[in-house]
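Asks: okay, here's the prediction I keep looking at, along with the sequence it came from:
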Amino acid sequence: SLIELYLAWRLPKLKDEIKELKFDSKRYLSGKLLMSNLKLIFENKVIWLCIVGISIFWAISQLYLVSFPVFSKNELFIENTFFVQVSLGFSGIGVVLGSLIAGRFSKNYIELGLIPFGALGVFLMALIMPYFTSLITYSFIFFIFGFCGALFIIPLNSLIQFHAKENELGKILAGNNFIQNIAMLTFLVLATLFANLEINVIYLFYFITLVAFLGAI
């Protein structure tokens, strides 16, 4: 967090501050500020669909984060959490590498062709996820999952910024973060519900596959 704070302060100021703008605490506490931000999102179909796609990816990623250790213990009979977490960590490596490649392809323009390719990769990895027994195999699957996820979400983030008006970009990005967090929280609640009802985690994997399919189309 301290590193993030430091890097945030290091960001250059590209424009002069608009001193007339002030934070309205009353609108914030009443929820009117949030509704205003969300209204800007819903008015633009491209922005809205991009946010839905990004939210789906991070939501199912969150589900894997909480469900895979349970799956490893119950189905693979692996109780060493260190190796399980290392396997999950390969998804982060995939996201980093995929982001770099997506940035390279989109250097002078937004490469929209990466979006369906990335969505297909995420769906295929979700489809085969329940059917292996080796953590080495799962490390590879999570790597491809993260890699394809980055190819999917990086162009979508770029599209959001491209279609947002300059004076509305900050509000739209704030609304974007809110929707993503709500999606992740909803899926975490779903995982908790599965656990409380003692439903086999494999069905949660099937649910993720269905969501990934819907997100891909």
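Replies: Great, that's in hand. Numbering: from 1, shown residues only.
Asks: every contact and neighbour count from this point should use C-alpha atoms.
Replies: OK.
Asks: which stretches of this protein have low pLDDT?
Replies: Along the chain, the model assigns pLDDT under 70 to residues 14-24, 27-28.
Asks: where do the helices of it begin and end?
Replies: Remark: helices assigned in the chain by DSSP state H are 2-10, 25-30, 32-42, 45-74, 81-105, 114-128, 135-163, 169-196, 201-216.
Asks: burial check on the residue nearest to His163 when sequence neighbours are not counted, number of neighbours?
Replies: Spatial nearest neighbour of His163, chain neighbours left out: Ile47 (6.9 Å); criterion: C-alpha to C-alpha, 6 or more residues apart in numbering. A count of neighbours around Ile47, defined by other C-alpha atoms under 10 Å, yields 22.
Asks: contacts only, for Ile47.
Replies: The contact partners of Ile47, by C-alpha atoms under 8 Å, 6 or more residues apart in numbering, come to Ile41, Leu159, Ile160, His163, Ala164.
Asks: hmm, 10 Å instead?
Replies: Contact analysis of Ile47 by C-alpha atoms under 10 Å, 6 or more residues apart in numbering lists Leu40, Ile41, Leu156, Asn157, Leu159, Ile160, Gln161, Phe162, His163, Ala164, Ile172, Asn176.
Asks: and it, how far from Ile153?
Replies: Distance of Ile47 to Ile153, computed by C-alpha to C-alpha, to the nearest Å: 13 Å.
Asks: and Asn167, by the same measure?
Replies: Using C-alpha to C-alpha, Asn167 is found at 23 Å from Ile153.
Asks: tell me which of those two has more neighbours.
Replies: A count of neighbours by other C-alpha under 10 Å puts Ile153 above the other of Asn167 and Ile153, at 27 against 8.
Asks: list the contacts of that one.
Replies: 50-51, 53-58, 95, 98-99, 102, 114-115, 118-119, 159.
Asks: now with 6 Å?
Replies: By C-alpha atoms under 6 Å, 6 or more residues apart in numbering, the contact list for Ile153 reads Ile54.
Asks: highest average neighbour count across the helices of the chain?
Replies: Across those, averaging neighbours per residue (mean count of other C-alpha atoms under 10 Å) puts helix 135-163 on top, at a mean of 23.
Asks: separation between the spatially most central residue of the chain and Leu169?
Replies: With distances taken as C-alpha atoms, centre = their mean, Trp58 lies nearest the centre of the chain, 2.4 Å away. From Trp58 over to Leu169 the distance is 21 Å, taken as C-alpha to C-alpha.
Asks: so what's the gap between stretch 210-217 and the chain middle?
Replies: 14 Å (C-alpha atoms, centre = their mean, to the nearest Å).
Asks: which residues sit against that stretch?
Replies: Taking C-alpha under 6 Å, 6+ apart as the rule, stretch 210-217 contacts Ala119, Phe123.
Asks: extract the C-alpha set from that stretch and format it as PDB.
Replies: Extracted C-alpha coordinates of stretch 210-217, given in PDB (Å, rounded to 0.1, in the frame of the first residue of the first chain):
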ATOM      1  CA  LEU A 210     -21.000 -20.800 -17.400                       C
ATOM      2  CA  VAL A 211     -20.300 -17.200 -16.400                       C
ATOM      3  CA  ALA A 212     -17.100 -17.200 -18.500                       C
ATOM      4  CA  PHE A 213     -19.100 -18.400 -21.500                       C
ATOM      5  CA  LEU A 214     -21.700 -15.700 -21.100                       C
ATOM      6  CA  GLY A 215     -19.000 -13.100 -20.700                       C
ATOM      7  CA  ALA A 216     -17.300 -14.400 -23.900                       C
ATOM      8  CA  ILE A 217     -20.400 -14.000 -26.000                       C
END
